[in-house]
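>>> Model the following, please.
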Amino acid sequence: MRFEALDAARELLGLHDRISLQELKDQYRNLMKKWHPDLCQDDPEVCAEQARRITEAYDLIMDYIANYKYSLTPEEAAMQLSGTEWWMHRFGPK
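Here you go, the predicted model:
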């Protein structure tokens, strides 16, 4: 998968560089509430085209997530710690 296509999909959906699966799903639902042809108040053809583009972007990112290889190393897990968790891991009680 080309990064350019993935990045364009992310931008179309209005997502940040790092997202959770729930954030992706929530944003997709919000956009479809606005652009779904049955709900949209604009030109029906414009709404249908935008809904199609949003769905394609969502499917592309979901495919990327579904096929992403996760690292289960301690180093990678440490990169996912919140600030408080990192502090406690680094300086907390021993």
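
>>> In this protein, which residue is most central in space?
residue 24 (3.7 Å; CA atoms, centre = their mean).

>>> so what pLDDT did it get?
Residue 24 is assigned 97 on the pLDDT scale.

>>> nearest residue to it other than its sequence neighbours?
residue 61 (6.1 Å; CB to CB, 6 or more residues apart in numbering). C-beta: built from backbone N, CA, C; applies to glycine.

>>> Same check on residue 39?
Computed as CB to CB, 6+ apart, the closest residue to residue 39 that is not its neighbour in sequence is residue 33, at 6.3 Å.

>>> So which elements touch the helix or strand hosting that neighbour?
Using DSSP states H and E, residue 33 falls within helix 21-35. Packing contacts for helix 21-35, counted by 3 or more CB pairs under 8 Å, 6 or more residues apart in numbering; DSSP states H and E, involve helix 3-13, helix 44-67.

>>> Using PDB, list the CA coordinates for the lowest-mean-pLDDT helix or strand in the chain.
In the chain, the helix or strand scored least confidently by mean pLDDT, DSSP states H and E is helix 74-79, which has a mean of 81. Taking Å, rounded to 0.1, in the frame of the first residue of the first chain, the C-alpha atoms of helix 74-79 are listed here in PDB:
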ATOM      1  CA  PRO A  74       8.900  -4.500  25.500                       C
ATOM      2  CA  GLU A  75      10.500  -1.600  23.700                       C
ATOM      3  CA  GLU A  76       7.400  -1.000  21.500                       C
ATOM      4  CA  ALA A  77       5.100  -1.500  24.500                       C
ATOM      5  CA  ALA A  78       7.000   1.200  26.400                       C
ATOM      6  CA  MET A  79       6.500   3.600  23.600                       C
END
